[in-house]
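Novice: I would like the atomic coordinates for the input below:
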Amino acid sequence: MTEITAPSYKTQAHNTQLRHIPGDYGLLPYLGKSIELVSDLYAYVDKCYKEYGPVSRTKIGGKEGLLLIGPDIYKQIHLDSDKCFSTQMGYDSNLGEFYRGGLLLLDGDEHRFQRRMFQTAFKTEPMKGYVDIINPLFSSSLASWQHKQDFLFLPAIKRALLEIGSAVFIGVNESDEEMEKMNQAFLDISDKGLMGLFKVNLPGFKFHKGKQGKKYLEKYFSTIIPQRRSGDGNDMLSFMCREKMDNGELFPESMIVPHTSFLLFAAHDTTTSTLSSILLHTAMKPEWQQKMREESLALNKESLDYDDLNKLETLELVFKEALRLHPSVPMMTRRTIKECEIGGFTVPANTMLYLPPSYTHMLPEYWTNPLDFDPNRFTPGREEHKNHSFCYIPFGGGIHKCVGMHFANMMVKCFMHQLLLNYEYSLPADYQPKMQSFPLPKPTDNLPITLKKRTIIK
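Specialist: Numbers count the residues shown, from 1 in each chain. From the prediction side, this is the model:
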């Protein structure tokens with residue numbers, strides 16, 4: 001069947017004819033089920049799944065759509081062999097307001113074409129060079145945390161990761177003032193713009209604040225692209241600026257700017273979430289903290305080389321389990337391009353689809369004691385993530401599988417290695433975290449931890 005051309009589905013309104021599918025839009029005229037979903041994602045999805053099954057209609061952020069659960073459905077959507085699903089239109093009215101043109105928000109040939117822009121940036125040799133940039137910056141951040149009182153992990157690691165992202169992704173080590181502006185811009189987008197329930201671009205509204213952050217970032221990145229084109233830098237932006245299209249010309253600035261904004265957002269926000277999940281669970285179960293530390297000590301080096309990454313087997317297990325419980329993207333979205341069948345229901349064209357991976361990550365059909373933190377579930381002999389090819393999708397799947405997944409793994413391991421060597425970390429007595437899912441999973445109190453300095457014997 002011929003793929004529908006871009007103009008025919010990108011200009012269509014969202015479908016609202018879903019009454020033939022069981023579910024509940026809620027009583028609120030615009031918000032629908034948004035408040036329930038944001039308040040407790042797992043509880044809301046669990047209720048829908050148990051009452052209606054893997055396919056149910058819902059209303060989120062003013063849009064009727066379908067809540068979809070289960071690896072069979074996720075496999076159908078991510079592999080998309082019949083070209084029924086648009087990633088761009090799924091994200092366009094949310095992420096697209098701030099990161100339109102980013103790699104995740106592209107479809108079909110356009111996505112394949114622009115993905116080539118990253119082909120050099122994520123190869124082995126450049127990745128080895130990124131390690132040399134990352135390690136001293138983590139070392140500096142960790143040293144500055146030693147004597148801090150009432151230490152909150154999330155804002156501290158978020159700032160450290162933004163500094164690293166600036167160096168690795170765009171090749172700059174900015175002044176404190178410039179770094180503050182960039183950090184505030186990303187905060188305005190993620191904590192205000194993306195969370196604003198009303199898309200009103202006027203002063204006083206969260207959405208407007210996010211738009212101002214987007215405007216700042218685009219202007220800033222546009223000013224440094226000409227320098228990267230003419231230089232020989234080893235940062236990701238430089239590689240992207242030097243990549244060429246089939247006709248031998250460089251990719252235009254209009255394509256590079258949104259990719260740069262989205263990459264830096266994705267890299268530092270999602271890794272912030274992942275590291276907070278790792279510290280939370282390994283502080284609550286310190287035996288795992290110690291197992292990781294023993295492996296790092298056995299390497300007998302203060303920081304990792306690229307070739308050391310696969311040696312930290314326990315940290316790899318913890319990394320995977322943290323992403324199972326708290327995937328960095330709590331809600332994936334798509335929109336149908338044409339009429340199709342999902343889970344036994346006929347779904348019209350232009351229907352919004354909501355896919356929360358964390359619930360599928362906890363289905364007891366695929367996972368033993370799924371609510372427990374148990375990294376051993378990924379060990380040879382168990383390998384529960386292989387019970388279905390799509391029961392574990394923290395980085396998505398198919399052609400839209402995250403291009404930076406190996407970079408994220410590298411960032412986490414470089415940081416955790418140094419943290420484990422330098423500190424023991426613990427939580428307040430009787431700590432009971434309240435988790436939020438949006439815009440990214442994290443404890444609502446920003447994870448107060450106590451760092452106890454270790455003596456490193458050289």
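
Novice: can you pull the pLDDT of Thr5?
Specialist: Turning to Thr5, the model gives it a pLDDT of 47.

Novice: what's the answer for His385, then?
Specialist: His385 carries a pLDDT score of 97 in this model.

Novice: close enough to count as contact, it and Tyr392?
Specialist: Yes. Between His385 and Tyr392 there is a contact at 3.9 Å, judged by Cβ atoms under 8 Å. Placement of C-beta: from N, CA and C, glycine included.

Novice: which of these two has more neighbours?
Specialist: Set His385 next to Tyr392 and count neighbours by other Cβ atoms under 10 Å: Tyr392 wins out with 24 against 19.

Novice: Next one: the more buried one from Gly65, what distance?
Specialist: Distance of Tyr392 to Gly65, computed by Cβ to Cβ, to the nearest Å: 24 Å.

Novice: Give the next helix or strand downstream of the helix ranked longest in the chain.
Specialist: Counting residues, the longest helix found in the chain (DSSP state H) is helix 253-284. Note on helix 253-284: by DSSP states H and E, the next helix or strand toward the C-terminus is helix 286-299.

Novice: How far does that following helix sit from its chain's centre?
Specialist: From the chain centre to the centre of helix 286-299 is a distance of 26 Å (Cα atoms, centre = their mean, to the nearest Å).

Novice: next SSE after that helix?
Specialist: Note on helix 286-299: by DSSP H and E, the next helix or strand toward the C-terminus is helix 313-325.

Novice: got any ranges where the stretch 251-400 of the chain has weak pLDDT?
Specialist: Low-confidence segments of the stretch 251-400 of the chain, defined by pLDDT under 70, are absent.

Novice: all strands of the stretch 1-150 of the chain, in order?
Specialist: Secondary structure of the stretch 1-150 of the chain by DSSP state E, counting those that start in this stretch: the strands cover 55-60, 63-68, 85-86.

Novice: could you dump those strands to JSON lines with mean neighbour count, mean pLDDT and distance to Thr271?
Specialist: Output for those, formatted as JSON lines (neighbours: other Cβ atoms under 10 Å; pLDDT from 0 to 100; distance: least, Cβ to Cβ, whole Å):
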{"stretch": "strand 55-60", "mean neighbour count": "23", "mean pLDDT": "96", "distance to Thr271": "26"}
{"stretch": "strand 63-68", "mean neighbour count": "23", "mean pLDDT": "96", "distance to Thr271": "27"}
{"stretch": "strand 85-86", "mean neighbour count": "25", "mean pLDDT": "96", "distance to Thr271": "27"}
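
Novice: Any chance of these in TSV with distance to Glu125 as columns?
Specialist: Listed next are these as TSV, based on distance: least, Cβ to Cβ, whole Å:
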stretch	distance to Glu125
strand 55-60	43
strand 63-68	40
strand 85-86	35
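
Novice: Which one, of these, ends up nearest to Ser144?
Specialist: Checking the strands of the stretch 1-150 of the chain against Ser144 by Cβ to Cβ gives strand 55-60 as the closest, at 40.2 Å.

Novice: could I have that closest one exported to CSV, CA atoms only?
Specialist: Output of strand 55-60 as CSV, limited to C-alpha atoms (Å, rounded to 0.1, in the frame of the first residue of the first chain):
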residue,chain,number,x,y,z
VAL,A,55,-7.0,-0.5,24.5
SER,A,56,-9.2,2.2,26.0
ARG,A,57,-10.3,5.8,25.1
THR,A,58,-9.2,8.7,27.2
LYS,A,59,-8.7,12.4,27.0
ILE,A,60,-5.4,14.0,27.9
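
Novice: Hey, what's the angle from it to strand 63-68? Just curious.
Specialist: Interaxial angle, strand 55-60 versus strand 63-68 (axes from the mean of the first three to the mean of the last three Cα atoms, to 10 degrees): 140 degrees.
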